[in-house]
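> sequence below, structure please.
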Amino acid sequence: IAEIEWDHARESRLLGWFKKLPDEKVDASPKLCIYYARELYKSGYLNDAEKRLQAADQMLESASTSDPVKKGLQGRIAVIRAYISSQTGDVSRIIHFSNQALKSLPQGDLMWRSVAATTLGFAYGWRGAGDLIKAQQAFSEAMKISNAAGNIFYNIFAGICLVAVMQLRCQFKEAKDICQQSLSLANENGLSETEIAGSLYASLGMTFCEWNDLNEGIRLINKGIELNKQGRDPLMLASCRINLFRALIYRMDLVGAFSVIEKLNESTREFRLPPWITNVIAANNVYSWLANGNLNAATQWAKEKGLSVDNKLTNLREPEHIALVFILIAQGQLDDADRLLQRLIENAKAGDRVYVVIEMRLMRALIFKAQKNTSAALGELKKALSLAESGGLIMIFVSKGKPVAELLEEIIALKKSDHDLSKAGFSLSYVKKLLSAFKAGTPPKIEGLMDPISERELEVLHLIAAGLSNREIAEKLFISLNTVKTHTKNINSKLNVNSRTQAIARAKELGLL
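Numbers count the residues shown, from 1 in each chain. Sure thing, here's the model as predicted:
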């Protein structure tokens, strides 16, 4: 039963069962201790989980259990310890326990081996060392093992982790494919309304946002957040909200972004979140302070964190050091900011964190432009373009504002006189596409509406106002009845109403009708 429950993401029910069992019953079985520890860990009770693992350890040491069985159970203990270490950010322990688990677990124990391979991905990935090439290999392997084991839940979970790595490596098109495949798998196996599906929606939404489809991207991220609110994993929920924060910054909805950061700050007070996520939240706070003109708060934070240009750089503290770059620029310390940027670029290149390299090269371009060093600014922008085109990135450039648009115009002018485009590493059509996005700007935000109504939803809204039934709307727009109902539900949610009549009245207030 325990294996089935894990596979179908219903651990909370299992935890309830374990809590009803007498302690002496659990303490008499290493296997029960291991399963109980797993459920405790998943609910955030890390210390209690470790106590159960220690009890299992002691029983196995003194037991006369056959060697292969004993070794297999010790492998499972190592898997859970690797997971606990990923929460605390102890990279060496994650690697140690993951490798120990893969060495101890029988080849046939595919379900637990898939989890061990996933934790190894954490160790190498964004939660740990930041070596994304090794992380991608580990998560891909975890997906294969999970698939062979029929472990749908961990197949999808490893897919989410793989998507995060691919996005950091600027493989957004491939990441989109993995998201859609995993969502299909979730739908086919009754997991479409779970938090794990929610995380897939949020990841997919972030891809659309990077491609400048902000309305669809933010809709998907919000859908992911709503599904995660029903779950019990604060990490997944926080990760979705971090995506929403960046998406709202892209849309220049600062009020909405500040609201999200407040919720993220609440989560850090309510839950014991690991450093790889609290550091991102802290960096987002800095961006909020700077956007509000509160340089003092940002400077004080950097001082309390002991941040400086010459700190040792690590993957886990990378978000904090990137925030320091913004603080230095706000203070007018451009040379120090550039010195730190050069170090961050080299550090990110070593782990193939391409997205970070693009972001930092754009920051260098802005610094050089401010210093009237156009040649150096263009050099950095060209490097960023050559890295970003394959992923189709748009908003990372647009979000940097007018100076980047001006530099892109200069590149167009230079390229017209340069007939050898093969050496540039990017196409003229890509530069023109970015400039078009700058000129088009972001969709106008309607005051009082946090999540804008999409064009299709607006069509449906007009037909509702015209008195058409759902079936008539479906026939008129050549869409299914279920799709009309989904659009109607989204419209009501965005307008914060509960009926057609209220929706029409609210839409008229906002000038939508």
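> where in the stretch 351-500 of the chain is pLDDT low?
Along the stretch 351-500 of the chain, the parts satisfying pLDDT under 70 run over 416-422, 441-451, 478.
> where do the helices sit along it?
Along the stretch 351-500 of the chain, counting by DSSP state H, counting those that start in this stretch, helices occupy 354-370, 374-388, 395-398, 402-417, 428-440, 455-465, 470-477, 481-495, 500-509.
> so can I have JSON lines of those helices showing distance to Gly44 and mean neighbour count?
To be clear about C-beta, it is placed using only N, CA and C from the backbone, and glycine gets the same treatment. As requested, the helices of the stretch 351-500 of the chain are exported to JSON lines (distance: least, Cβ to Cβ, whole Å; neighbours: other Cβ atoms under 10 Å):
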{"stretch": "helix 354-370", "distance to Gly44": "29", "mean neighbour count": "22"}
{"stretch": "helix 374-388", "distance to Gly44": "37", "mean neighbour count": "19"}
{"stretch": "helix 395-398", "distance to Gly44": "34", "mean neighbour count": "22"}
{"stretch": "helix 402-417", "distance to Gly44": "42", "mean neighbour count": "15"}
{"stretch": "helix 428-440", "distance to Gly44": "41", "mean neighbour count": "15"}
{"stretch": "helix 455-465", "distance to Gly44": "37", "mean neighbour count": "18"}
{"stretch": "helix 470-477", "distance to Gly44": "42", "mean neighbour count": "16"}
{"stretch": "helix 481-495", "distance to Gly44": "29", "mean neighbour count": "17"}
{"stretch": "helix 500-509", "distance to Gly44": "39", "mean neighbour count": "16"}
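> of the ones you listed, which is nearest Asn222?
helix 481-495 (8.5 Å; Cβ to Cβ).
> show me what that closest one is packed against.
helix 455-465, helix 470-477, helix 500-509 (3 or more Cβ pairs under 8 Å, 6 or more residues apart in numbering; DSSP states H and E).
> okay, these in JSON lines with distance to Ile345 next?
JSON lines is the format used below for the helices and strands packed on helix 481-495 (distance: least, Cβ to Cβ, whole Å):
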{"stretch": "helix 455-465", "distance to Ile345": "39"}
{"stretch": "helix 470-477", "distance to Ile345": "48"}
{"stretch": "helix 500-509", "distance to Ile345": "48"}
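> can you tell which of the helices of the stretch 351-500 of the chain is closest to Asp233?
In terms of Cβ to Cβ, the element of the helices of the stretch 351-500 of the chain nearest to Asp233 is helix 481-495, at 22.9 Å.
> got the angle for the closest one vs helix 455-465?
Counting by axes from the mean of the first three to the mean of the last three Cα atoms, to 10 degrees, helix 481-495 lies at 90 degrees to helix 455-465.
> quick one: contacts of helix 481-495?
Applying Cβ atoms under 8 Å, 6 or more residues apart in numbering, the contact partners of helix 481-495 are 219, 449-453, 456-457, 460-461, 464, 470-471, 473-474, 477, 498-500, 502-503, 506-507, 510.
> give the buried residues for stretch 134-154.
Residues 134-143, 145-147, 149, 151-154 are the ones in stretch 134-154 that count as buried (16 or more other Cβ atoms under 10 Å).
> just stretch 340-352 next, same as before
By neighbour count on 16+ other Cβ under 10 Å, the buried set for stretch 340-352 is Leu340, Leu341, Arg343, Leu344, Ile345, Asn347, Ala348, Gly351, Asp352.
> residue contacts, the last one?
Residues counted as contacts of Asp352 (Cβ under 8 Å, 6+ apart) are Asp131, Leu132, Ile133, Arg169.
> give me the spatial nearest neighbour of it, chain neighbours excluded.
Leaving out its chain neighbours, the residue that sits closest to Asp352 by Cβ to Cβ, 6 or more residues apart in numbering is Leu132, at 4.7 Å.
> which ones are touching that neighbour?
Here Leu132 is in contact with Tyr124, Gly125, Trp126, Val165, Leu168, Arg169, Gly351, Asp352, Arg353 (criterion: Cβ under 8 Å, 6+ apart).
> now the first one: how far from Ala138?
In this case it means Tyr124. 6 Å (Cβ to Cβ, to the nearest Å).
> overlap in contacts, these two.
What both Tyr124 and Ala138 touch, as defined by Cβ under 8 Å, 6+ apart, is an empty set.
> related to what we said a few turns ago, backbone dihedrals for the residue nearest to Asp352, please?
With angles defined as degrees, to the nearest 10, Leu132 sits at phi -70, psi -20.
> coming back round to it: looking at the buried residues of stretch 340-352, which is nearest Leu428?
Nearest to Leu428 among those: Ile345, at 25.5 Å, using Cβ to Cβ.
> tell me the secondary structure for the closest one?
helix (DSSP: H, G, I helix; E, B strand; the rest coil).
> show me the buried residues of stretch 134-154 that map onto helices.
Those of the buried residues of stretch 134-154 mapping onto helices are 134-143, 145-147, 149, 152-154, per DSSP state H.
> for this protein, what's the longest helix?
In the chain, taking DSSP H as the definition, the longest helix is helix 67-88.
> in terms of secondary structure, what does the helix or strand following it contact?
Later in the chain than helix 67-88, the nearest helix or strand by DSSP states H and E is helix 91-104. Helices and strands touching helix 91-104, by 3+ Cβ pairs under 8 Å, 6+ apart, are helix 67-88, helix 110-124.
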